[in-house]
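>>> what follows is a predicted structure for the sequence shown.
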Amino acid sequence: MTQSTQEPGFLGEASAWLLPTLASFRQEFPAHTNPSQACRIRWNTLLCDANLVSLTWPAEHSGRALPTRDLIAFHELCARHGAPQPINSIAHSILAPTLLQFGTASQKERFLPGIRLGAEIWCQGYSEPGSGSDLASVRTRGTPSADGWLVNGHKIWTTQAHLARWCFALVRTDPDSVGHRGLSFMLIDMRAPGVRASPIRQLTGEADYNEVFFENVAVPAENIVGDVGEGWRIAMAAAEYERGVYFLPRVVQLEHELQRAQALFEHAELLAGERDVYAHRLQEAQDRCQVTRWRVEQVIGRVAAGDTPGIDGAILKLLWSETRQMVIELQLELAGERAVVGPEATGEYAEQASIVREFLWSRAETIVAGTSEIQRNIIAERLLGLPKDKSIHAN
Ligand SMILES: Cc1cc2nc3c(=O)[nH]c(=O)nc-3n(C[C@H](O)[C@H](O)[C@H](O)COP(=O)(O)OP(=O)(O)OC[C@H]3O[C@@H](n4cnc5c(N)ncnc54)[C@H](O)[C@@H]3O)c2cc1C
C-alpha cells in the first residue's frame, strides 16, 4: 500500500485493500473453518506485505505515523469483515509499542523490522506454574554471566512459543527480591541452546500453548528492556497498550455472534415455553452486548485521546468475556443435536463445528489476560474502594 496520512483517506485505502484481499484469502481459508495457525500466519504475511502492522509507528522506524484513531478504525474494519487475528498480534499490540517507548536505539533497530515485515514471531513469557494471577511471584531467574545473564526457569501457557523466534519474558534478576521488585523484562532468543517449548493440547484439540523450559540460556546484557529490575513497570505499561485495541475486534465479533444466535433462535424447533425462555435469555445477552459496546467505545475514546484504559479495561474484560460465553452457550443450545459434531467437522457440518469450537475456546476467555475473579478484585479495590486482597501482588 502507498503511504497516506489523511483521514478518511487511510480508511478508504484500507478498505480498497481489505475487501478483495479477504475475498481471495477466504478461498484458501473459508469463513467457517478453524482460524488455524496456518490461517493466522498467512493473514499476518498479507498485513505485513501491505505495510499495515506499523500504522502508528514513527516514520524513522518505517512506520506510517498515523493517529491512533486510524489504527482503531482499521481494527474495527477488519473485524467487521471477519478477518482473523494475525499470528503476531502479540508483537504488534504489546511488544512494538513497548520497544518504541522503552527500547534502546539498537533494540528498536534490531527488533522492529522483524515485526513490521513479519519475519519474526514473538511470544509472551510471563506466566509460570504458581505464578499466573500472582504474576509478581515469578521464579524464573537470571544470574549474571560474563556478557549478560544465564536464565533458568519454567514458563507455562506461552501462546505460540513453538512457532516463536523470540520471547519477551519476566525474569527475576535479583535473587533476594520478592514481589514485583527485582524483575527484569528480557528478550530471549527461542533458538538459543537450553530453550525447549513443549506444546499443550487444549479442549479444541489444537495445541497453541506451551510449557517453556529455560536451562542455562545465555541472554546478552543488551537484551534487557529498560533498567535491570525495572521489568514490572515495563510489563504493566505493555499490558495497557494491549487493552487499548485488544477488545474492539472481539466486541465486533461478539455482535456478529449475537446475530448468529438470533438467527438460530428464529429457525430452532422449540416448544412454546422453551421459546419464551430463550427469548428472555437472548434479550439478556443483547442487553449485555449493548453495554459491552458502550464500554468499548469509552475505552477507545480514552486510548484515541492518548490516555490508558485504566479501570475501564478491567470492566470491559469482565463484561466481554462473560457475555461471549453466554452468547456461545446460547448458540450451542439452539443448534440442538446438530451441535453434537466435534470441533473439527467439515463440509455440511462446518458451521456447527465452528460453534462447538468457539464454545470450547470461550472457556479460556475468562482466564486469559487476568481471570474474572482478578478483574472483580481490581474493580472492588480500585473502583468501589473495598479492602485490598493481600494474598496477591498484582496482575
Ligand atoms: C488462552 C490462554 C492464553 C494464554 N497465553 C499466555 C501467554 O502467551 N503468556 C503468558 O505468560 N500467559 C498466558 N496465559 C496464562 C494466563 O495469563 C493465566 O492462565 C492467568 O493469569 C491465570 O493464571 P493461572 O492459570 O496460574 O491460574 P491461578 O492464578 O492459579 O488461578 C486459579 C484460580 O484461582 C483464582 N484466583 C487466583 N488468585 C485469586 C485471588 N487473589 N482472588 C480470587 N481468586 C483468585 C483464579 O481466578 C482462578 O479461578 C494464557 C492463558 C490462557 C487461558
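Now that the structure is in, tell me what you want to look at. Numbering: from 1, shown residues only.
>>> how about the residue in the stretch 101-250 of the chain that the ligand sits nearest to, nearest residue that isn't a chain neighbour?
Per Cβ to the nearest ligand atom, the residue of the stretch 101-250 of the chain with the smallest distance to the ligand is residue 132, at 1.8 Å. Yep, even glycine has a C-beta here, placed from its N, CA and C like the rest. With Cβ to Cβ, 6 or more residues apart in numbering as the criterion, residue 132 has its nearest non-adjacent residue at 7.4 Å, and that residue is residue 157.
>>> try residue 379
The shortest distance from residue 379 to any residue other than its chain neighbours is 5.6 Å, reached at residue 314 (Cβ to Cβ, 6+ apart).
>>> that neighbour touches residue 377, doesn't it?
No: distance between residue 314 and residue 377: 9.0 Å, which falls outside the contact criterion (Cβ atoms under 8 Å).
>>> report the contact partners of the residue nearest to residue 379.
When contacts are counted by Cβ atoms under 8 Å, 6 or more residues apart in numbering, residue 314 is found next to 370, 375, 378, 379, 382.
>>> of the residues you listed, list those near the ligand.
Here is what survives when the contacts of residue 314 are matched to the ligand using Cβ under 6 Å from any ligand atom: residue 370.
>>> go through the contacts of residue 314 and flag which are in helices.
For the contacts of residue 314, membership in helices holds for 375, 378, with DSSP state H as the criterion.
>>> so what does residue 212 have for phi and psi?
The phi and psi torsions at residue 212 (degrees, to the nearest 10) take the values phi -130, psi 130.
>>> mind listing the residues bridging to it?
residue 155, residue 197 (DSSP bridges).
>>> go on, residue 131?
Residues in beta-bridge contact with residue 131 (DSSP bridges): residue 128.
>>> quick one, what contacts it?
Residues in contact with residue 131, defined by Cβ under 8 Å, 6+ apart, are 137, 138, 139.
>>> check it and give its pLDDT.
If you check residue 131, the pLDDT there is 94.
>>> quick one on the thing from earlier: hmm, residue 135 and the residue nearest to residue 132 touching each other?
No: in this structure, residue 157 is not within contact of residue 135 by Cβ under 8 Å, at 11.6 Å.
>>> what do these two both touch?
Taking Cβ under 8 Å, 6+ apart as the contact definition, residue 157 and residue 135 share the neighbouring residues residue 127.
>>> low-confidence stretches in the stretch 101-250 of the chain?
In the predicted model of the stretch 101-250 of the chain, residues 244 satisfy pLDDT under 70.
>>> what about the strands in it?
With strands called from DSSP state E, counting those that start in this stretch, the stretch 101-250 of the chain shows them at 122-125, 141-145, 148-156, 166-172, 183-189, 195-200, 209-220, 224-225.
>>> make JSON lines out of those strands and add distance to residue 48 and mean neighbour count.
Output for the strands of the stretch 101-250 of the chain, formatted as JSON lines (distance: least, Cβ to Cβ, whole Å; neighbours: other Cβ atoms under 10 Å):
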{"stretch": "strand 122-125", "distance to residue 48": "13", "mean neighbour count": "27"}
{"stretch": "strand 141-145", "distance to residue 48": "32", "mean neighbour count": "16"}
{"stretch": "strand 148-156", "distance to residue 48": "27", "mean neighbour count": "20"}
{"stretch": "strand 166-172", "distance to residue 48": "16", "mean neighbour count": "25"}
{"stretch": "strand 183-189", "distance to residue 48": "20", "mean neighbour count": "24"}
{"stretch": "strand 195-200", "distance to residue 48": "23", "mean neighbour count": "16"}
{"stretch": "strand 209-220", "distance to residue 48": "24", "mean neighbour count": "20"}
{"stretch": "strand 224-225", "distance to residue 48": "23", "mean neighbour count": "24"}
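>>> format those strands as TSV; extra columns: distance to the ligand.
Conversion of the strands of the stretch 101-250 of the chain to TSV gives the following (distance: least, Cβ to the nearest ligand atom, whole Å):
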stretch	distance to the ligand
strand 122-125	4
strand 141-145	16
strand 148-156	6
strand 166-172	8
strand 183-189	13
strand 195-200	10
strand 209-220	6
strand 224-225	16
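>>> would you list those in a markdown table and tack on distance to residue 89?
Listed next are the strands of the stretch 101-250 of the chain as a markdown table, based on distance: least, Cβ to Cβ, whole Å:
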| stretch | distance to residue 89 |
| --- | --- |
| strand 122-125 | 10 |
| strand 141-145 | 27 |
| strand 148-156 | 19 |
| strand 166-172 | 14 |
| strand 183-189 | 18 |
| strand 195-200 | 19 |
| strand 209-220 | 15 |
| strand 224-225 | 19 |
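>>> select, out of these, the one closest to residue 387.
Judged by Cβ to Cβ, the one of those that comes nearest to residue 387 is strand 183-189, at 26.0 Å.
>>> now for the closest one, which elements pack on it?
Counting contacts by 3 or more Cβ pairs under 8 Å, 6 or more residues apart in numbering; DSSP states H and E, the secondary-structure elements packed against strand 183-189 are strand 148-156, strand 166-172, strand 209-220, strand 224-225, helix 231-267.
>>> CA atoms only: put it into PDB for me.
What follows is strand 183-189 as a C-alpha-only set of coordinates in PDB (Å, rounded to 0.1, in the frame of the first residue of the first chain):
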ATOM      1  CA  LEU A 183      12.200  -8.500  37.900                       C
ATOM      2  CA  SER A 184      13.600  -7.600  34.500                       C
ATOM      3  CA  PHE A 185      12.000  -7.500  31.100                       C
ATOM      4  CA  MET A 186      14.200  -9.700  28.800                       C
ATOM      5  CA  LEU A 187      14.100 -10.500  25.100                       C
ATOM      6  CA  ILE A 188      15.100 -14.200  24.800                       C
ATOM      7  CA  ASP A 189      16.100 -16.000  21.700                       C
END
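>>> what's that strand in contact with?
Outside strand 183-189, the residues within contact range by Cβ under 8 Å, 6+ apart are 98, 102, 107, 111, 125, 136, 138, 142, 149, 151, 165-173, 177, 195, 214, 217, 219, 223-226, 228-232, 234-235.
>>> one more time with 6 Å, if that's ok
In this structure, residues lying in contact with strand 183-189 by Cβ atoms under 6 Å, 6 or more residues apart in numbering are 166-173, 219, 223-226, 228, 231-232, 234.
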